[in-house]
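**Q** this one's sequence-less:
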């Protein structure tokens, strides 16, 4: 699927033809919120108004639903795909390291920043996940790590289900981390360098997949997510 | 938490603050300021709730206005009810007149009165015997629409099975009535697995099995497995996909 462009769209009828699902199923999944409202994109075409979907996302989602719908009820599936379901995840320090979700160095920085704790909820995990990513990419130093953790701790839980975006920018050696609550275009002056830009929702998905994968490895079940 | 919740009863004319109650009853004219959470709401006279209304059971026999959302397990509207935001409930029955400026989310929605929804209507089962007007998408596993005197308008329909039929089909009395009534369903697009239509005007109909009955006027039909058309229906084009 890596061949498709990120924002390529697929028309509803092509989607149904390609995946073999019916109109009834599609609408049922929409009602159960297995497919987010935001993925239904309306466009005017020469045959009237038609609905399109983000191709990569919808194909992956339809595949996941089709694979899991025999073992889970639609309500259970809805829970799984809901952006809120992740908030129930809590991991201990050992689980975190054993499962290779973040590195030891990241965990140390996180613990220096916040209170001493041994169990981490999803907000903490997400913050560490982003931090880990940026530290590993060599984009961020430890002082900046505090800025990142600060903004994530304060705000990320408010914007899980939105299309929000995390920015890390630097100008003349001064760095800044902020979150835009929507995926909007931002225009900076020439001196500003955007060092990293991460969609929060993508981070949530990636972390969820990472946690699910490691839990599955433990119970040696087949991989269903990716 | 063993605090006992009080009942609220307004007879005559009065207003009360919102909050948590057991049973709320308005018999005269009453106004509740703010959000209301309770076991049951019973409005016989006229009532206005200026916030959200949440309850297990709601029965409105008089007239009511909810200025925000209406959320309940069971909602029965015998009189008239206007909700300015969304309505959600497992069982929603509208025998009188319902007006929703937001959307409706329900399991089982039945309309024998008049319903108008500005947004979407989502349900597992939607049965309408009276005229409905839906500004957005009407989506349900099973939709059954019996057309009567007035025209129904639904912008989009998406469903498992859809059955649109006229209430009086064969009786002589019915045929006489047909000559005068404007009963029909007017929709932009209809999509579903099994679609059976009568007296329907639509621009596009897409489905697996499509049956276009008497009195229909359809722009384009796209079907997968079956297609039937009555002689008394007009279809501009039908394409097997």
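**A** Nice, thanks for sending it over. The structure displayed is predicted, hence computed values, not measured ones. Numbering: from 1, shown residues only, chains lettered A, B, ... in the order given.
**Q** where does the chain have its least confident helix or strand?
**A** With no chain named, the answer covers chain A. None of the helices or strands of chain A scores lower by mean pLDDT, DSSP states H and E than helix A:200-218, at a mean of 72.
**Q** think we crossed wires, I meant chain B
**A** Result, chain B / mean pLDDT, DSSP H and E: helix B:172-180, a mean of 58.
**Q** pull out the buried positions in stretch A:140-149.
**A** Neighbour-count burial for stretch A:140-149 flags A:140, A:144, A:145, A:148, A:149 (criterion: 16 or more other C-beta atoms under 10 Å in any protein chain shown). Heads up, the C-betas are built off the backbone N, CA and C, glycines and all.
**Q** now distance to chain B and secondary structure too, for the residues you listed, in CSV please.
**A** Output for those, formatted as CSV (distance: C-beta to the nearest C-beta, whole Å; DSSP: H, G, I helix; E, B strand; the rest coil):
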residue, distance to chain B, secondary structure
A:140, 42, coil
A:144, 43, helix
A:145, 42, helix
A:148, 37, helix
A:149, 36, helix
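**Q** and those residues as JSON lines, adding distance to residue B:78 and pLDDT?
**A** Output for those, formatted as JSON lines (distance: C-beta to C-beta, whole Å; pLDDT from 0 to 100):
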{"residue": "A:140", "distance to residue B:78": "63", "pLDDT": "83"}
{"residue": "A:144", "distance to residue B:78": "63", "pLDDT": "84"}
{"residue": "A:145", "distance to residue B:78": "62", "pLDDT": "84"}
{"residue": "A:148", "distance to residue B:78": "57", "pLDDT": "84"}
{"residue": "A:149", "distance to residue B:78": "56", "pLDDT": "83"}
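**Q** which of those sits closest to residue B:213?
**A** residue A:148 (62.8 Å; C-beta to C-beta).
**Q** can you get me a residue count around residue 36?
**A** Using chain A. 17 (other C-beta atoms under 10 Å in any protein chain shown).
**Q** not quite, go with chain B.
**A** 25.
**Q** quick check: bridge partners of it?
**A** Here residue B:36 sits in beta bridges with residue B:19, residue B:53, going by DSSP bridges.
**Q** whichever strand or helix holds residue B:73: which residues count as buried?
**A** Using DSSP states H and E, residue B:73 sits in strand B:70-77. Neighbour-count burial for strand B:70-77 flags B:70, B:71, B:72, B:74, B:75, B:76, B:77 (criterion: 16+ other C-beta under 10 Å).
**Q** what packs against the helix or strand just after the least confident helix or strand of chain B?
**A** With elements assigned by DSSP H and E, the helix or strand that comes after helix B:172-180 is strand B:185-197. Helices and strands touching strand B:185-197, by 3 or more C-beta pairs under 8 Å, 6 or more residues apart in numbering or on different chains; DSSP states H and E, are helix A:23-31, strand A:48-54, strand B:132-147, strand B:152-166, strand B:200-212.
**Q** mind putting those into JSON lines with mean neighbour count and distance to residue A:13?
**A** Output for the helices and strands packed on strand B:185-197, formatted as JSON lines (neighbours: other C-beta atoms under 10 Å in any protein chain shown; distance: least, C-beta to C-beta, whole Å):
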{"stretch": "helix A:23-31", "mean neighbour count": "22", "distance to residue A:13": "9"}
{"stretch": "strand A:48-54", "mean neighbour count": "17", "distance to residue A:13": "8"}
{"stretch": "strand B:132-147", "mean neighbour count": "22", "distance to residue A:13": "17"}
{"stretch": "strand B:152-166", "mean neighbour count": "22", "distance to residue A:13": "13"}
{"stretch": "strand B:200-212", "mean neighbour count": "22", "distance to residue A:13": "7"}
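**Q** worst average pLDDT in these?
**A** Note on the helices and strands packed on strand B:185-197: lowest mean pLDDT is at strand A:48-54, with a mean of 82.
**Q** report the angle between the axes of that one and strand B:185-197?
**A** Strand A:48-54 and strand B:185-197 are oriented at 70 degrees to each other (axes from the mean of the first three to the mean of the last three C-alpha atoms, to 10 degrees).
**Q** which neighbours in the sheet does strand A:48-54 have, and how are they oriented?
**A** By DSSP bridges, strand A:48-54 pairs with strand A:9-11 (antiparallel), strand A:41-45 (antiparallel).
**Q** which bits of chain A sit near chain B?
**A** Within chain A, the positions adjacent to chain B are A:13, A:17, A:22-24, A:26-28, A:30-31, A:47-49 by C-beta under 8 Å from any C-beta of the partner chain.
**Q** on that earlier part again, single out the most deeply packed of the strands paired with strand A:48-54.
**A** Among these, strand A:9-11 has the highest mean neighbour count (mean count of other C-beta atoms under 10 Å in any protein chain shown), at a mean of 17.
**Q** now do the buried residues in the helix or strand containing residue A:177.
**A** Assessed by DSSP H and E, residue A:177 sits inside strand A:174-180. Within strand A:174-180, the residues scored as buried using 16+ other C-beta under 10 Å are A:175, A:177, A:179, A:180.
**Q** repeat for stretch B:49-62
**A** B:49-55, B:57-62.
**Q** just those now: which is nearest residue B:91?
**A** Closest to residue B:91 out of these is residue B:57 (9.6 Å), distances taken as C-beta to C-beta.
**Q** I figured the closest one was touching residue B:40, is that so?
**A** Yes - counting by C-beta atoms under 8 Å, residue B:57 does reach residue B:40; the two are 4.5 Å apart.
**Q** before we move on, back to that, Throw the buried residues of strand A:174-180 into a markdown table and include pLDDT, thanks.
**A** Below are those laid out as a markdown table (pLDDT from 0 to 100):
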| residue | pLDDT |
| --- | --- |
| A:175 | 87 |
| A:177 | 87 |
| A:179 | 85 |
| A:180 | 84 |
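**Q** mind listing the strands for chain A?
**A** A:9-11, A:41-45, A:48-54, A:90-92, A:119-121, A:165-171, A:174-180, A:192-199 (DSSP state E).
**Q** of all the helices and strands packed on strand B:185-197, which lies closest to residue A:77?
**A** Going by C-beta to C-beta, the one of the helices and strands packed on strand B:185-197 nearest residue A:77 is helix A:23-31, 8.5 Å.
**Q** what comes into contact with that closest one?
**A** By C-beta atoms under 8 Å, 6 or more residues apart in numbering or on different chains, the residues outside helix A:23-31 that reach it are A:12, A:15-16, A:35, A:37, A:40, A:65, A:74, B:122, B:124, B:139-141, B:158-161, B:191-193, B:206-208.
**Q** need the contact list for residue B:195.
**A** B:161, B:162, B:205, B:207, B:209, B:210, B:211.
**Q** per-residue pLDDT of it, please?
**A** 93.
**Q** contacts for stretch B:128-136?
**A** By C-beta under 8 Å, 6+ apart, stretch B:128-136 touches B:94, B:103, B:110-121, B:143-146, B:148-156, B:167.
**Q** one more time with 6 Å
**A** Applying C-beta atoms under 6 Å, 6 or more residues apart in numbering or on different chains, the contact partners of stretch B:128-136 are B:111-121, B:145-146, B:150, B:152-155.
**Q** okay, and the beta partners of residue A:52?
**A** Here residue A:52 sits in beta bridges with residue A:11, residue A:41, as judged by DSSP bridges.
**Q** wait, isn't it in contact with residue A:9?
**A** Yes - with contact defined as C-beta atoms under 6 Å, residue A:52 counts as touching residue A:9 (4.1 Å).
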